[in-house]
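A.B. asks: When you get a sec, could you give me coordinates for this:
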Amino acid sequence: MPKKQSGTARRGSAYEVVAASDVPHERKGKHNALVSEIFSSLLPLQPGNALKIPLLDLRKQKMENVRAAVNRAGKKIGLDVATSSDDYFFYVWVKNKHTLARH
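C.D. replies: Numbers count the residues shown, from 1 in each chain. This is a model prediction of the structure:
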């Protein structure tokens, strides 16, 4: 078994070499806390109900970016999430709760 390089740069390289297994494979974007908060409120909802989130609660984030982050997070756990908005509120609901992946 070849010896792993750890913590040392290869000759001629300005960068440190680490094992790929030590590299984080998930990123926590700037919307992570907000999306986590939304999903912790969304998951226990009864079918047919939606979250009504004041746009002021989006912490000065662009609604379009939050919407995209919510949809990415839903896809990641196998949840079909729908969103909508009006002038004052951002709405989030689960379209088909039976699609929830086993995690």
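
A.B. asks: Figure out the helix or strand that the residue nearest the centre of the chain lives in.
C.D. replies: What sits nearest the mean C-alpha location of the chain, by CA atoms, centre = their mean, is Ala73, with 4.0 Å. Applying DSSP states H and E as the criterion places Ala73 in helix 63-76.

A.B. asks: residue contacts, the residue nearest to the centre of the chain?
C.D. replies: Contact analysis of Ala73 by CB atoms under 8 Å, 6 or more residues apart in numbering lists Val35, Phe39, Val81. Bear in mind the C-beta positions are built from the backbone N, C-alpha and C, glycine included.

A.B. asks: Next: Ala82.
C.D. replies: Contacts for Ala82 were tallied using CB under 8 Å, 6+ apart; they are Val92, Trp93, Val94, Lys95.

A.B. asks: Assumed it was part of a strand.
C.D. replies: Yes - counting by DSSP: H, G, I helix; E, B strand; the rest coil, one finds Ala82 located in a strand.

A.B. asks: If it is in a bridge, with which residues?
C.D. replies: The bridge-partner assignment for Ala82, based on DSSP bridges, gives Trp93.

A.B. asks: okay if I get the contacts of Ala73 as a markdown table plus distance to Val18 and neighbour count?
C.D. replies: Shown next, in a markdown table, are the contacts of Ala73 (distance: CB to CB, whole Å; neighbours: other CB atoms under 10 Å):
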| residue | distance to Val18 | neighbour count |
| --- | --- | --- |
| Val35 | 28 | 20 |
| Phe39 | 31 | 17 |
| Val81 | 35 | 21 |
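
A.B. asks: Great, nothing more from me.
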